[in-house]
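[1] coords below, sequence missing:
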């Protein structure tokens, strides 16, 4: 018997195992000049913070650009930092006080050609202090993280210090950005650091490149230090050609995962390279991804299911001369799915993060879309762990059952999370009756609704994981991460969308559009929804979605990139579980202007 839980967000695809998620929305930010996004993170309010560089705004030749958005990716404010020369932001993190820290480079300030620049802001993006680090020759920082003591750690490279042409550079500061110590790593040739993370033992792990050590021209370099920045061990990975490490993260097993690219292995000129090590940095496995052209991995993160998500760009696949590339793997690095995003020009993904609803947010740049040469590009993919529907007494979510015994009409639910639901699920194991959508006993394959009694919960926010599996199920059960907000008037999803009172296809936004518009619809009861796009002749040109939806507000996008300018129509059709055909339809007019 098989059981897999389906979760729905404000998008129009239920994500099944090994199926890529749909795009919720994309946003571009920029002006007439070149503007790029290098780093993005979901913030505590559910929105996003982006750091990069702008030539369209600010004081000089290129300024650090900080952009804050809401949950839907709409800009709340932007800030520029810089002088008359070239300044750029490479990495941003939200800090414990609700503000932000940015690491980058500055030519406008500091001691030399270009210096490491650390900027601390408040929650509104206003500068609290800045610090520069460097000598006369030039330095660069590519990664920053707030450390357990409230200070910061920065990784990059230095031409002014160290043993070789340039060396990997690790800088540790206090909470005010003042240097506590710095360390260089390298030999007589060129070595650099690209990514850094504080490890669970209080030390640090750095990924980058080395020409001084290893097997080839450049090798991927992994450096592990203690809490004082002193090297405990280093490892190199590569062959006879150029191999580069861009991003590193400590994994749940205490080992490390690195993303970059390799010219020594794989199918083409350069392939995205994923390397998994144990806690001592010894390789457990590696995987290459790509075709015959230029394919690069820029950012990696371990996902909640133990697998990995990698963002970068590809010249081997996609629509144009370089596309944003997102790859999802299982825990052993085997690809589960991949997605490309882009148009006819160059588009690149620089940063990826799994969001709180188990979706993904990607930051990068696009030449294909936007208003300028390069524009900052933010891409949001749907998640898998959002409440389907809720009332003051119960929380409901859907599950798809395959090969079940018709007599087995029960589900098992167990709280394994933060304990927030312990009041409701006072027993470690609680049996719940599942109601088939089709009525009667559960057939061999059906979608069922599962309800959890939450009548004992008081007002406030609740968050936790549950395990859901059908009786007699074989294999691993499904894990659900649930986030709720309870008000006196009843239960609401945390993001504040009210439970819809009636079916509705809301006006598209933007409209007119080029080439992407957002389509939002409300579902007040479990039903089957079809969402299709028709041209002016009445011919269906795109099926956006067809399937079951539970109560909620959902959003998807229509990308008209491949279609000519003109009038189009989006039609929503609804069929209820009782089988009443055509009991609701609504059509919205769309205007695509290129």
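    Happy to help now that I have it. Computed from a predicted model, the values in this text were never measured in an experiment.

[2] Can you give me the separation between the residue lying closest to residue 269 once chain neighbours are set aside and residue 267?
    Once flanking residues are discounted, residue 269 sits nearest to residue 294: 5.7 Å by CB to CB, 6 or more residues apart in numbering. In this view, the C-beta of every residue, glycine as well, is placed from N, C-alpha and C. The spacing between residue 294 and residue 267, counted by CB to CB, to the nearest Å, is 12 Å.

[3] Between these two, which is the more surrounded one?
    Comparing residue 294 with residue 267 by neighbour count (other CB atoms under 10 Å), the higher total belongs to residue 294, at 17 against 13.

[4] okay but that one is in contact with residue 321, surely?
    No. Distance between residue 294 and residue 321: 10.3 Å, which falls outside the contact criterion (CB atoms under 8 Å).

[5] Tell me where the protein has helices.
    In order along the chain, the chain carries no helices (DSSP state H).

[6] before we move on, the earlier item: spell out which residues are contacts of both of residue 294 and residue 321.
    With contacts defined as CB atoms under 8 Å, 6 or more residues apart in numbering, the residues shared by residue 294 and residue 321 are residue 315.

[7] Quick one: the strands in the stretch 451-594 of the chain, in order.
    Under the criterion DSSP state E, counting those that start in this stretch, strands of the stretch 451-594 of the chain are mapped to 460-470, 478-487, 490-493, 504-505, 516-523, 527-535, 540-549, 552-559, 566-575, 584-592.

[8] same thing with the stretch 251-400 of the chain?
    In order along the chain, the stretch 251-400 of the chain carries the following strands (DSSP E, counting those that start in this stretch): 256-262, 271-277, 283-289, 295-302, 308-314, 323-329, 335-341, 347-354, 360-366, 375-381, 389-390, 394-402.

[9] Output the below-cut-off pLDDT ranges for the chain.
    Regions of the chain meeting the criterion pLDDT under 70 cover residues 1-18, 384-499, 550-552, 555, 577-582, 594.

[10] hmm, try it at 50
    1-17, 385-394, 396-451, 468-480, 487-498, 580-581 (pLDDT under 50).

[11] Got the domain ranges for it?
    When the chain is parsed with automatic domain parsing, its domains come out as 23-381, 389-493, 504-592.

[12] Would you point to the one among those that's packed deepest?
    With neighbours taken as mean count of other CB atoms under 10 Å, the domains of the chain reach their highest mean count in domain 23-381, at a mean of 21.

[13] Span of that domain from start to end?
    Between the start and the finish of domain 23-381 there is a gap of 4 Å, counting by CA to CA, to the nearest Å.

[14] what's the distance between that domain and the middle of its chain?
    Using CA atoms, centre = their mean, to the nearest Å, we find the averaged C-alpha position of domain 23-381 to lie 13 Å away from the chain's own average C-alpha position.

[15] Ok, stretch 543-561 next?
    20 Å.

[16] circling back to that earlier point, can you tell me how far the residue nearest to residue 269 is from residue 264?
    In this structure, residue 294 and residue 264 are separated by 15 Å, where distance is defined by CB to CB.

[17] Then residue 130?
    40 Å.

[18] now do residue 378
    Applying CB to CB to residue 378 and residue 264 gives a distance of 33 Å.

[19] cool, residue 536 as well?
    53 Å.

[20] And residue 344, by the same measure?
    Residue 344 sits 31 Å away from residue 264, taking CB to CB as the criterion.

[21] before we move on, what about residue 71?
    As defined by CB to CB, residue 71 lies at a distance of 42 Å from residue 264.

[22] before we move on, what about residue 56?
    For residue 56, the distance to residue 264 equals 39 Å [CB to CB].

[23] Let me know whether residue 59 touches residue 80 as I believe.
    Yes. In this structure residue 59 lies within contact range of residue 80 using CB under 8 Å: 7.0 Å.

[24] Might you report the residue contacts of residue 159?
    So, once contact is read as CB under 8 Å, 6+ apart, residue 159 ends up touching 113, 135, 137, 138, 139, 165, 166.

[25] Need those residues in TSV (columns: distance to residue 500).
    Rendered in TSV, the data for these read as follows (distance: CB to CB, whole Å):
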residue	distance to residue 500
113	58
135	61
137	61
138	57
139	54
165	62
166	58
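
[26] Among those residues, which ones are in strands?
    The strands in this structure, assigned by DSSP state E, contain residue 139 from the contacts of residue 159.

[27] what's across from residue 513 in the sheet?
    Per DSSP bridges, the residues bridged to residue 513 are residue 592.

[28] swap in the one 4 residues further on?
    On the basis of DSSP bridges, residue 517 is bridged to residue 558.

[29] The one 4 residues further on too?
    Note on residue 521: beta-bridge partners residue 505, residue 554, judged by DSSP bridges.

[30] surely it meets residue 507?
    No. Under the criterion of CB under 8 Å, residue 521 lies out of contact with residue 507, with a separation of 10.9 Å.

[31] got a list of what the residue nearest to residue 100 when sequence neighbours are not counted touches?
    Here the nearest residue to residue 100 in space, its sequence neighbours aside, is residue 121; by CB to CB, 6+ apart that works out to 4.8 Å. Taking CB under 8 Å, 6+ apart, we find residue 121 in contact with 66, 79, 99, 100, 101, 102, 127, 128.

[32] cool, residue 283 as well?
    Residue 283 sits in contact with 235, 237, 275, 276, 277, where contact means CB under 8 Å, 6+ apart.

[33] could you redo the last one with a cut-off of 7 Å?
    Going by CB atoms under 7 Å, 6 or more residues apart in numbering, residue 283 touches 237, 275, 277.

[34] And for residue 321?
    By CB under 7 Å, 6+ apart, the residues touching residue 321 are 345, 346.

[35] So it versus residue 288, what's the distance?
    Between residue 321 and residue 288 the distance is 22 Å, computed by CB to CB.

[36] Do me a favour and get the end-to-end distance for stretch 553-572?
    As for stretch 553-572, its first-to-last residue distance stands at 14 Å under the measure CA to CA.
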